[in-house]
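>>> Any chance you can model this:
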Amino acid sequence: MGRVILVNLIRFIVLIFLQVFLLKNMGYYNLAVPFLYILFILLLPFKIPNGLLFLLAFFTGLTVDVFYDTLGLNAAACSVLAFVRIIFISLTVQRDGFDNEPDPSLGIMGFRWFIFYAIILTFSHHLILFTFETFSFYEFGYTLLRVIFSSLFTVILMLLAEFIFFRKKMR
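Numbering: from 1, shown residues only. I've put the predicted structure just below:
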């Protein structure tokens, strides 16, 4: 249990550091902006209680909001991400499998499941984030393009990060 907390704490610090100091100024004409920090929420263990998941998601988004000066946009988007994660996992993972699969990583769950998981959750996070940022349907087409391109950019970075730290499939 202590090892899981330490691994997630290090993951949190590294991802926030990368997001704030490297990825904040990276993007393609504000059309494709990566938000790799959400990988922390995606990789939390299956057995984490829902209340703690929402708390960690909110705190993660709030931490990024402090550095981005976005007044709670990331916190709101991460809270929605936690909600979508709960629904997605309850629909796709059997209850009996929680003992065998400790966390939803690429090495444990497989490429097909992980890519679908990452795309759905990243798209939902970005849709909320960019919709609240624009807060208008006037530029809906541009906002949807930003959501799609940023989601693709983020998922590619997630896959790269997962392949770097890839572990052999254990099931």
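
>>> Could you measure from the one residue sitting closest to the centre of the chain over to residue 161?
Taking C-alpha atoms, centre = their mean, the centroid of the chain lies closest to residue 38, which sits 2.6 Å from it. From residue 38 across to residue 161, the span is 11 Å (C-beta to C-beta, to the nearest Å). C-beta coordinates here come from the backbone N, C-alpha and C atoms, glycine included.

>>> just residue 48 next, same as before
20 Å.

>>> Equivalent analysis for residue 28, please.
Here residue 28 is placed at a distance of 19 Å from residue 161 (C-beta to C-beta).

>>> who's more crowded, these two?
residue 161 (18 against 11; other C-beta atoms under 10 Å).

>>> and the more buried one, what element?
helix 140-164 (DSSP states H and E).

>>> now what about that helix, what contacts it?
For helix 140-164, contacts defined as C-beta atoms under 8 Å, 6 or more residues apart in numbering pick out 23, 28, 30-36, 38-39, 42, 105-107, 114-115, 118-119, 122-123, 126-127, 130-131, 134.

>>> Produce a ChimeraX select command limited to the buried residues of those.
Here is the ChimeraX command that selects the buried residues among these (16 or more other C-beta atoms under 10 Å):
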select :23,32,33,34,35,36,38,39,42,105,106,107,114,115,118,122,123,126,127,130,131
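
>>> Which of the contacts of helix 140-164 fall in strands?
Among the contacts of helix 140-164, no member falls in strands (DSSP state E).

>>> packing partners for the lowest-mean-pLDDT helix or strand in the chain?
Ranking every helix and strand in the chain by mean pLDDT, DSSP states H and E puts helix 106-109 at the bottom, with a mean of 78. Where contact means 3 or more C-beta pairs under 8 Å, 6 or more residues apart in numbering; DSSP states H and E, helix 106-109 is packed against helix 140-164.

>>> Give me the distance from the helix it packs on to the chain's centre.
In terms of C-alpha atoms, centre = their mean, to the nearest Å, the centre of helix 140-164 is found 11 Å from the chain centre.

>>> got the buried residues for it?
143, 146-147, 149-155, 157-158, 161-162.

>>> quick one: average pLDDT of the helix holding residue 161?
Mean per-residue pLDDT for helix 140-164: 91.
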